[in-house]
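> sequence-free structure coming up:
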Ligand SMILES: Cc1cc2nc3c(=O)[nH]c(=O)nc-3n(C[C@H](O)[C@H](O)[C@H](O)COP(=O)(O)OP(=O)(O)OC[C@H]3O[C@@H](n4cnc5c(N)ncnc54)[C@H](O)[C@@H]3O)c2cc1C
């Protein structure tokens with residue numbers, strides 16, 4: 001896309017001025033009723049909205065100064081994501097895709113030639129980028145992808161089918177993934193990443209998807225038959241799979257940036273609505289069940305604040321995050337479950353009015369739902385979180401969960417508080433559903449640790465205490481589900497003798 005008509009740079013602003021300017025532009029754009037209707041009811045983004053947003057150079061926070069960016073500071077990136085998602089979750093995903101799934105990987109693993117040619121164009125020419133990993137037959141199973149490449153004097157020739165890549169048909173650059181075809185015609189195990197310039201052709205959109213939510217973002221199916229010049233393949237430090245883990249963990253660790261603005265907005269909407277809506281002669285906010293819902297949303301906000309602080313301190317661009325599976329998977333699952341739960345709660349509180357296509361409550365439910373699916377389905381990530389912890393426990397020859405977590409650096413401050421729910425011996429061979437349940441417990445134990453650390457840094461203590469109470473309830477309830485011994489099975493061919501009407505009529 002070409003937004004080059006707007007050239008006024010905001011590069012000279014200090015970060016406070018930069019983010020305030022960005023917030024003001026977003027707030028003006030999204031509070032204007034006519035804009036909001038156009039943005040929320042139509043697919044894509046009106047060009048004038050895109051132009052004004054890009055003029056604020058939000059993507060510059062993901063780029064180092066050497067390539068005309070603001071420096072690639074993670075705290076600034078999280079602040080931009082937060083400001084964006086307060087006004088629009090889809091827009092925040094667009095910024096997040098560009099930052100975590102294109103600019104950061106290229107910055108860390110790109111050749112000098114690629115970085116020189118590609119990164120600067122994101123600020124000077126307002127380019128957009130995305131990442132294609134998923135294939136129709138290989139989603140969760142991404143390592144088995146069938147997109148292949150061979151190498152010639154021209155470069156790397158990539159062929160395959162990719163789908164569901166955010167910004168399909170819209171991005172100027174793509175990170176494409178594939179496996180090398182060896183001499184026998186088989187695909188090597190490792191995954192490689194390539195930077196593709198869309199003006200060079202080679203990617204055809206064969207189908208446009210009617211995505212349920214996130215209307216702003218185009219999705220679809222792409223046929224890839226592209227030649228990538230030498231110098232535009234990412235250079236792994238060890239192997240491609242480790243590089244992919246670093247990229248995905250880095251992205252997952254930045255999910256709190258997208259989540260926090262979104263949840264804070266839902267919290268503001270919930271408080272505002274419940275203070276003003278009178279039911280049975282009293283404002284909704286006076287009802288205990290309403291307070292319960294809002295208290296949970298507020299706790300999510302506190303937990304996400306703690307996670308942003310954690311990411312700012314632990315996920316800098318200089319760090320290799322390929323082994324950060326435990327915090328990355330805990331953070332991604334908890335953030336996205338909280339986003340969806342907060343949206344469901346707001347819709348409940350707003351009632352029928354919220355079930356309109358252009359109301360933030362209903363939109364938030366569908367817009368936040370895929371976060372639980374993409375970049376690692378939550379069911380799988382919770383399981384992996386448990387497996388990582390069980391592996392460490394085996395290595396430490398420790399089977400008592402509390403004893404292990406009380407000495408583990410990511411839970412050393414929270415384990416004691418949760419001792420009554422954690423003081424049991426874990427069976428190392430448990431059913432998958434139990435691993436998932438255990439993952440839910442572990443994610444919350446780690447979250448509580450981050451909340452305690454946030455409190456120590458000076459975050460207001462009443463919110464910290466409420467969040468601790470909410471997390472304790474969540475852990476107890478997850479523990480109760482984990483403790484259940486039965487593993488109810490399913491009847492696949494259940495149609496015979498399973499009609500209540502036939503039985504009642506006999
Ligand atoms: C809005 C949206 C945006 C996306 N953006 C991108 C993008 O920018 N780039 C990109 O490459 N891809 C993107 N994706 C694709 C996304 O990453 C995949 O959808 C995801 O990896 C899951 O793959 P799948 O849809 O093929 O589901 P499947 O792999 O078929 O899995 C479906 C479900 O099956 C269950 N399941 C799968 N495996 C297991 C298992 N081992 N154990 C137990 N349960 C299991 C889980 O519940 C899972 O959610 C996006 C998807 C959506 C919806």
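Everything's here; your move. These numbers were taken from a predicted model, which means no experiment stands behind them.
> Now for the residue of the chain found nearest the ligand, how many residues are close by?
In the chain, the residue that lies nearest the ligand is residue 139 (1.9 Å; Cβ to the nearest ligand atom). The C-beta positions use only the backbone N, C-alpha and C, and glycine is treated the same way. Here the count is done by other Cβ atoms under 10 Å, and residue 139 has 15 residues near it.
> tell me which parts of the stretch 251-400 of the chain are close to the ligand?
370, 373, 374, 375, 377, 379, 380 (Cβ under 6 Å from any ligand atom).
> Return the residues in contact with the first one.
Same thing as residue 370. 212, 213, 214 (Cβ atoms under 8 Å, 6 or more residues apart in numbering).
> same deal with the fifth one?
For residue 377, the contacting residues are residue 140, taking Cβ under 8 Å, 6+ apart as the criterion.
> Distance of it relative to residue 332?
10 Å (Cβ to Cβ, to the nearest Å).
> Can you turn the buried part of the contacts of residue 370 into a ChimeraX selection?
Per 16 or more other Cβ atoms under 10 Å, the buried members of the contacts of residue 370 correspond to this ChimeraX selection:
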select :213,214
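> Check which helices and strands the helix or strand bottoming out on mean pLDDT in the chain sits against.
The helix or strand of the chain with the lowest confidence, counting by mean pLDDT, DSSP states H and E, is helix 33-41 at a mean of 76. Here helix 33-41 touches helix 15-31, going by 3 or more Cβ pairs under 8 Å, 6 or more residues apart in numbering; DSSP states H and E.
> For the helix it packs on, which outside residues touch it?
Contacts for helix 15-31 (Cβ under 8 Å, 6+ apart): 10, 13, 35-36, 39, 49, 52-53, 55-56, 58, 70, 76, 79-80, 83-84, 86-88, 91.
> try 7 Å this time
Residues outside helix 15-31 that contact it (Cβ atoms under 7 Å, 6 or more residues apart in numbering): 10, 13, 35-36, 49, 52-53, 56, 58, 76, 79-80, 83-84, 87-88.
> roughly how far out does the least confident helix or strand of the chain sit from the chain middle?
25 Å (Cα atoms, centre = their mean, to the nearest Å).
> what's the answer for stretch 9-20, then?
26 Å.
> Excluding sequence neighbours, find me the nearest residue to the most centrally placed residue in the chain.
When Cα atoms, centre = their mean is applied to the chain, the residue found nearest the centroid is residue 255 (4.1 Å). Spatially, and ignoring its direct neighbours in sequence, residue 255 is nearest to residue 335 (4.6 Å; Cβ to Cβ, 6 or more residues apart in numbering).
> What ranges does the stretch 401-506 of the chain have for its helices?
401-405, 419-422, 432-457, 461-483, 500-505 (DSSP state H, counting those that start in this stretch).
> Return the set of buried residues in the longest one.
Read it as helix 432-457. Here helix 432-457 shows 434-455 as buried, counting by 16+ other Cβ under 10 Å.
> picking up where we left off before, and the ligand, which of the contacts of residue 370 reach it?
Near the ligand, by the rule Cβ under 6 Å from any ligand atom, you find residue 214 out of these.
> In JSON lines, list the contacts of residue 370 along with secondary structure and pLDDT.
Output for the contacts of residue 370, formatted as JSON lines (DSSP: H, G, I helix; E, B strand; the rest coil; pLDDT from 0 to 100):
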{"residue": "212", "secondary structure": "coil", "pLDDT": "96"}
{"residue": "213", "secondary structure": "coil", "pLDDT": "96"}
{"residue": "214", "secondary structure": "coil", "pLDDT": "96"}
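> Pick the one among the contacts of residue 370 closest to residue 276.
Closest approach between the contacts of residue 370 and residue 276, by Cβ to Cβ: residue 213, at 26.8 Å.
> Test my guess that the closest one contacts residue 366.
Yes: counting by Cβ atoms under 7 Å, residue 213 does reach residue 366; the two are 3.2 Å apart.
> Tell me which residues touch residue 52, please.
25, 29.
> For beta bridges, what are the partners of the closest residue to residue 144 other than its chain neighbours?
Nearest non-adjacent residue to residue 144, counting by Cβ to Cβ, 6+ apart: residue 138, 5.2 Å away. Residues in a beta bridge with residue 138, per DSSP bridges, are residue 135.
> So what's the residue count around residue 138?
Neighbours around residue 138, by other Cβ under 10 Å: 17.
> cool, and the one 10 residues further on?
Per other Cβ under 10 Å, the neighbour tally for residue 148 reads 18.
> mind checking how far the residue nearest to residue 255 is from residue 371?
Residue 335 sits 8 Å away from residue 371, taking Cβ to Cβ as the criterion.
> Have a look at the two and say which one is more surrounded.
Counted by other Cβ under 10 Å, residue 335 and residue 371 do not tie: residue 335 has more neighbours, with 30 against 24.
> wait, doesn't that one sit right on residue 304?
Yes: at 6.2 Å, residue 335 and residue 304 qualify as touching, with contact defined as Cβ under 7 Å.
> okay, and the common contacts of those two?
Joint contacts of residue 335 and residue 304 (Cβ under 7 Å, 6+ apart) are 256, 259.
> quick one: which of the contacts of helix 15-31 is nearest to residue 420?
Closest to residue 420, out of all of those and judged by Cβ to Cβ, is residue 79, at 37.7 Å.
> so which strand or helix has that closest one?
Per DSSP states H and E: residue 79 is located in helix 74-87.
> got the angle between that helix and helix 15-31?
Orientation of helix 74-87 against helix 15-31 (axes from the mean of the first three to the mean of the last three Cα atoms, to 10 degrees) gives an angle of 20 degrees.
> Now do helix 74-87 against helix 33-41, angle only.
Going by the same axes, to 10 degrees, helix 74-87 makes 100 degrees with helix 33-41.
> Buried residues of helix 74-87, list them for me.
Buried residues in helix 74-87 (16+ other Cβ under 10 Å): 74, 76-87.
> Packing partners of that helix?
helix 15-31, helix 89-98, helix 255-276, helix 288-314 (3 or more Cβ pairs under 7 Å, 6 or more residues apart in numbering; DSSP states H and E).
> If we use 10 Å, what do you get?
helix 15-31, helix 89-98, helix 240-253, helix 255-276, helix 288-314 (3 or more Cβ pairs under 10 Å, 6 or more residues apart in numbering; DSSP states H and E).
> Quick one: residues contacting the residue lying closest to residue 64 once chain neighbours are set aside.
Distances taken as Cβ to Cβ, 6+ apart place residue 72 nearest to residue 64, at 4.6 Å, with adjacent residues excluded. With contacts defined as Cβ atoms under 10 Å, 6 or more residues apart in numbering, residue 72 is in contact with 60-66, 99, 103-104, 107-108, 119, 316-318.
> now residue 32
Residue 32 is in contact with 38, 39, 49, counting by Cβ under 10 Å, 6+ apart.
> Provide the secondary structure category for residue 150.
Recorded secondary structure, residue 150: strand (DSSP: H, G, I helix; E, B strand; the rest coil).
> same question but for residue 221, I mixed them up
On the three-state scheme (three-state DSSP), residue 221 is labelled strand.
> Give me the pLDDT for it.
On pLDDT, residue 221 comes in at 98.
> Could you double-check that it sits in contact with residue 163?
Yes: using Cβ atoms under 10 Å, residue 221 is in contact with residue 163, at 4.3 Å.
> Noted, bye for now.
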